[in-house]
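Peer 1: I would like the atomic coordinates for the input below:
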Amino acid sequence: MDGMELATGVLVLGATNRPQAVDAALLRPGRFDALLYVPPPDEEGRLAVLKVHTKRMPLAQDVDLVGIARETCNFTGAELANLCREAALAAVRENMEDAREVAARHFADARCAMRAPALDASLLEEFAAWKTTRQRLTS
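Peer 2: Residues are numbered from 1 along each chain as shown. Predicted coordinates:
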């Protein structure tokens, strides 16, 4: 960040899923002045992510993306993308010769094979507490 004050028209943006690990020097005034908390996608957001990642995927009639979005609370966008990839791979593994579509059972198998979402209630509370603390320090 040193020397950036001479650069005009430069915007520096940082993102992390471990805010507590950010060096305090980066959070001093004049460095990263605005801190934004971006929560995990809500049900509507998860549905939108699922639609993006299944757009070119032939889905069987029994696939209920709304239901999958409902059942994937606290999933990040990356975890939802992985769920879609793993479901497609499950369909290919099931029928290497002629995998034509991804069915609900493939999504169920993929979901069972995945670990729990990386975000849980305690971690989300920690993020909220960090956000509140940072706002008090920077105000």
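
Peer 1: Buried ones in stretch 85-103, by neighbour count?
Peer 2: E86, A87, A88, L89, A90, A91, A99, V102, A103 (16 or more other Cβ atoms under 10 Å). C-beta: built from backbone N, CA, C; applies to glycine.

Peer 1: With respect to L47, which of those is nearest?
Peer 2: If you rank the buried residues of stretch 85-103 by distance to L47 using Cβ to Cβ, A87 comes first, at 15.4 Å.

Peer 1: So the closest one sits against D109, correct?
Peer 2: Yes: using Cβ atoms under 8 Å, A87 is in contact with D109, at 7.4 Å.

Peer 1: quick revisit: tell me which of the buried residues of stretch 85-103 has the lowest pLDDT.
Peer 2: Ranked by pLDDT, these bottom out at A99 (84).

Peer 1: check contacts around that one.
Peer 2: The neighbours of A99, taking Cβ atoms under 8 Å, 6 or more residues apart in numbering as the test, are A91, V92.
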